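Student: For reference, the sequence and a predicted model appear below.
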Amino acid sequence: MNTPPFLIAAVLLFWGWQTGPLLIGAVAGAVLESSRLVRFRWSLTQTDFNRLSNICVVLFLGVGTFLLINEGTVSLDDFFGNAGRRPEALRQAGRSALVWFQWFPMIFLPLLLAQVFNDPPRVGLATFSWWLRKQELRPPYATLPRETVDISFSYLALSLLATSAAAERGAYFYWGLVLLVGWALLTLRSRQRPLVVWLALFAALAGAGFGGHHGLLGLQRKLESMNVHWFSQMAAGNFSDSEVRTRLGSIGRLKNSDRIVLRLTTDGGVPPELLREMSFNEYHYRPDRRAPSLWRVDRREFFNVPGEADQSTWLLLPRKVSRHTLTVAGYFRGGEGLLPLPLGSSEIASLPVGEVATNLFGAAKMRSGPGLAIFKVRFDGRGASIDSGWTTNDLRTYEDVEPALARVAAELQLHPGLPPAEAMRRVREFFAEKFQYASRLTEEHAATRGESALARFLLHARSGHCEYFATATTLLLRHAGVPTRYAVGWSVQEGRGKNYVVRDRHAHAWTLVWDGQNWLDLDTTPSTWNAAEAEGTSWLQPVKDFFSDLWFQFSKFRWGQTEWRKWFMLAPVPLLIVVLARFFFGKSWRRLRARRQEEARVAARAGADSDFYRIEKHFAARGLERGASENWSEWLRRVETATVAGGRLKVERSETGSLEPATFHSSLRLVLTLHQRHRFDPRGLDEAGRVSLREEVSRWLAREDSSKTF
């Protein structure tokens, strides 16, 4: 290595300290530095380095594939089709890329190990380019010396860059980086200037760089600490467990996308109309803010649910017997989030996660789970639920910030002591008879100095989206002394049979009402709201749904929801084994292949291309084919006998007294002699002999055809 002694080891130790695998970095550094003491060396060829480079490429792609499958819930739709989820998708993709980048030193470690233990300790440039490999095989490059490089400093720079990809960089990161870079540059400094001058200049640059480092670190922390609730409003399916900001008073078209966020399968019965993720009991109105109203909870604690032995079954209400089962499939960013559950859920099954917790407001949250969770819920829409009983905050009417509610309550004759069922009937009929659903809001819905957006909705506009109806219903019923809460989640409206889908635009808000014993769902939003939200759906929606289904099937095995996933994860292993075997046993394979080719060449019948076989085919077509154990002379005698017996050939007396056809005697003797030389003589026939054999055979066949002798 051309790096200073122990510098590579120090860099790998620094990498392991910052990214986590300290022991791996220490072992790798020790092995590399041992090359300065150990005399053992390989004698690797350029082909060996090429194969080793292929191993690193397989590792590079394999690690990337593994992280793609096991990290995040990113899809192409998140990048291009859903602006709301794009920030979160980019964040997750960036996190996976950083983890991938952190492991680059270990991915390319085999290449540096091969160099430092090779003689000479250098790597050919063709190792890093398939195009150069092909060029070096062509003349005149094949006879020229190979260009080589020492990759030690390049590996050092790659390791430092990978170290900078650590998610959390401590206070010592920058100064450790400065020390290592200074150590590397010190050995390359010009000797024309004093060492003191060099050190002073380097210290000045390091000090100036610290300001930029500190500023970038602050920017990173600022981005990471951005308001989570802002992201939750930009992306469906990410309701907060502490508060939800409403869009009361917003102007314009308020429409979510048609992206499928949940897939449901029933047990054959009717699916629940609503799937709740969270409920809230405190209303806050701030006229000086851009988002003036929000709902919060007065207690934020979550309590762990005891899991069964299989760690996939969670009993929410152990004593409740539920009659219905619903299978829910949904994506969860980072493997955690609020579970969409129907009211009265008592048990969650087939959910292998690290933890399930619930709070006093009916929310169930999972942690340490897969990016795609497919679980079963047992529920009964009535009776006990995981919500706590009502509190005084569930009765607060907020007349100080929403005085218009008292006017409407008086109009409906809502007063304490009114039975909950009667109060619910009056409010439901009030909204059904006098209000309409609207997702396109105008200036008429905007708050003024004298009236809030909710007051404008109740007294003037009398149209709005679900947040208006849910907020108004929740607060109006409290004037009748009925405890209520504001609920958010999903409305189930699309599907048939056992299968249903929930889209982004099906996000919904409604009211929970305490009937004296349990909580009930009350949705006063006009039933036409789904048709209104579906207006303007793109004609490409079936195509988008098709690709959404493809992504869902991919996510199923990506997150272990199918048996194919484990086999897919093992798919790169055979390729890696083959590449490793070719690296370690490639020369033996080449020798074995060459020996087999030579044996095949020797085993091939010499003279198989002789033109004499044309004459053999000539007689074989006439019923005189040569026997398997019959040599050429015997076969020709049999042909002669057959032709003489047929009276078709002239014969002459030979010196031995036997009969020999004149044509055979004069023509085939020379042809047979040339053929046998070509067939059995180790030297074979020269080019002139081959030409003579070809001409004699052609002449003989031409004479036979013209005379039609046989």
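Tutor: Okay, I see it. Residues are numbered from 1 along each chain as shown.

Student: can you tell me the helix or strand for L156?
Tutor: Applying DSSP states H and E as the criterion places L156 in helix 152-163.

Student: what's the average pLDDT for that helix?
Tutor: Along helix 152-163, the predicted local confidence has a mean pLDDT of 88.

Student: which helices and strands does the following helix or strand past that helix pack with?
Tutor: Next in sequence after helix 152-163, counting helices and strands by DSSP H and E, comes helix 173-186. When contacts are defined as 3 or more CB pairs under 8 Å, 6 or more residues apart in numbering; DSSP states H and E, helix 173-186 packs onto helix 7-19, helix 152-163, helix 195-224. Quick note: C-beta positions are derived from backbone N, CA and C, even for glycine.

Student: how close does the closest residue to D523 other than its chain neighbours get to F361?
Tutor: Beyond its immediate neighbours in the sequence, the residue positioned closest to D523 (CB to CB, 6 or more residues apart in numbering) is W510, lying 4.1 Å away. Applying CB to CB, to the nearest Å, one obtains 14 Å for the distance of W510 from F361.

Student: Tally up the residues packed near the closest residue to P526 other than its chain neighbours, please.
Tutor: On the basis of CB to CB, 6+ apart, the spatially nearest residue to P526 that is not a chain neighbour turns out to be Y437, at 4.4 Å. A count of nearby residues for Y437, using other CB atoms under 10 Å, gives 20.

Student: Make sure I have this right: A487 is in a strand.
Tutor: Yes: if the criterion is DSSP: H, G, I helix; E, B strand; the rest coil, then A487 is within a strand.

Student: If I look at it, what pLDDT would I see?
Tutor: A487 is assigned 95 on the pLDDT scale.

Student: The nearest residue in space to it that is not next to it in sequence: what's it in contact with?
Tutor: The spatially closest residue to A487, leaving aside those adjacent along the chain, is S279, at 4.3 Å (CB to CB, 6+ apart). By CB atoms under 8 Å, 6 or more residues apart in numbering, the residues touching S279 are 297, 361-363, 387, 485-488, 512.

Student: again, only this time at 6 Å
Tutor: For S279, the set of contacting residues under the criterion of CB atoms under 6 Å, 6 or more residues apart in numbering consists of 361-362, 485, 487, 512.

Student: for those, which one is nearest A421?
Tutor: The nearest member of the contacts of S279 to A421, counting by CB to CB, is L512 at 15.0 Å.

Student: Buried residues, the helix or strand hosting the closest one. List them.
Tutor: Element membership of L512, judged by DSSP H and E, is strand 507-514. Using 16 or more other CB atoms under 10 Å as the test for burial, strand 507-514 gives 507-514.

Student: neighbouring contacts of it?
Tutor: With CB under 6 Å, 6+ apart as the test, strand 507-514 has contacts from 236, 256, 279, 390, 466-467, 470, 473-474, 483-485, 487-488, 491, 519-520, 522-523.

Student: again, only this time at 7 Å
Tutor: Identification of contacts with strand 507-514 by CB atoms under 7 Å, 6 or more residues apart in numbering yields 236, 256, 274, 279, 390, 394, 420, 424, 466-467, 470, 473-474, 477, 482-491, 519-523.

Student: Just the residues you listed: which are in helices?
Tutor: Judged by DSSP state H, the subset of those located in helices is 420, 424, 466-467, 470, 473-474, 477.

Student: Of those, which pair is most distant in space?
Tutor: Between any two of the ones in helices among the contacts of strand 507-514 (CB to CB), the greatest distance is 22.9 Å, for P420 and E467.

Student: did I read that right, F60 in a strand?
Tutor: No: when the secondary structure is assigned by three-state DSSP, F60 falls in helix instead of a strand.

Student: Against L44, how distant is the residue nearest to it when sequence neighbours are not counted?
Tutor: Sequence neighbours aside, I107 is the residue nearest to F60 in space, at 5.3 Å (criterion: CB to CB, 6+ apart). Counting by CB to CB, the gap between I107 and L44 amounts to 19 Å.

Student: okay, those two: which has more neighbours?
Tutor: Looking at I107 and L44 with other CB under 10 Å, you find the greater number of neighbours at I107, namely 22 against 18.

Student: so that one makes contact with V58?
Tutor: No: using CB atoms under 7 Å, I107 is not in contact with V58; the gap is 9.7 Å.

Student: is G124 in a bridge, and if so with what?
Tutor: Counting by DSSP bridges, G124 is bridged to T148.

Student: In this structure it contacts F49, no?
Tutor: Yes: when contacts are counted by CB under 7 Å, G124 is listed as touching F49 (5.9 Å).

Student: hmm, who's touching stretch 386-395?
Tutor: With contact meaning CB under 7 Å, 6+ apart, stretch 386-395 is reached by 281-282, 298, 316-317, 358, 360-362, 364, 478, 481, 483-485, 514, 519.

Student: now those residues: which count as buried?
Tutor: Neighbour counting over the contacts of stretch 386-395 (16+ other CB under 10 Å) leaves 281-282, 316-317, 358, 360-362, 364, 478, 483-485, 514, 519 as the buried ones.

Student: Quick check: nearest residue in space to W635, chain neighbours excluded?
Tutor: Nearest to W635 is R626, by CB to CB, 6+ apart, at 4.4 Å.

Student: Actually, G16.
Tutor: G25 (2.6 Å).

Student: May I ask which helix or strand encompasses the one you found?
Tutor: When secondary structure is defined using DSSP H and E, the element that contains G25 is helix 22-33.

Student: likewise D545?
Tutor: Here D545, judged by DSSP H and E, is contained in helix 541-558.

Student: Run the chain-centre distance for that helix.
Tutor: For helix 541-558, the gap between its own C-alpha mean and the chain's C-alpha mean amounts to 13 Å (CA atoms, centre = their mean, to the nearest Å).

Student: other SSEs contacting it?
Tutor: Taking 3 or more CB pairs under 7 Å, 6 or more residues apart in numbering; DSSP states H and E as contact, the helices and strands that helix 541-558 lies on are strand 260-266, helix 564-569.

Student: and these, which one's lowest on average pLDDT?
Tutor: helix 564-569 - the lowest mean pLDDT of the helices and strands packed on helix 541-558, at a mean of 53.

Student: Tell me, how many residues neighbour V58?
Tutor: 18.

Student: which residues of the stretch 101-250 of the chain score low on pLDDT?
Tutor: Confidence mapping of the stretch 101-250 of the chain against pLDDT under 70 gives the ranges 141-144, 167-171, 213-238.

Student: related to what we said a few turns ago, out of the buried ones among the contacts of stretch 386-395, who's nearest G16?
Tutor: A364 (39.3 Å).

Student: do you know how far the closest residue in space to that closest one that isn't next to it in sequence is from A688?
Tutor: For A364, ignoring the flanking residues on the chain, the nearest one in space by CB to CB, 6+ apart is L339 at 4.5 Å. Remark: distance between L339 and A688 (CB to CB) = 91 Å.

Student: quick one on the thing from earlier: and P420 and E467? which has more neighbours close in?
Tutor: With other CB under 10 Å as the criterion, P420 and E467 differ in neighbour count, and E467 comes out ahead with 25 against 19.
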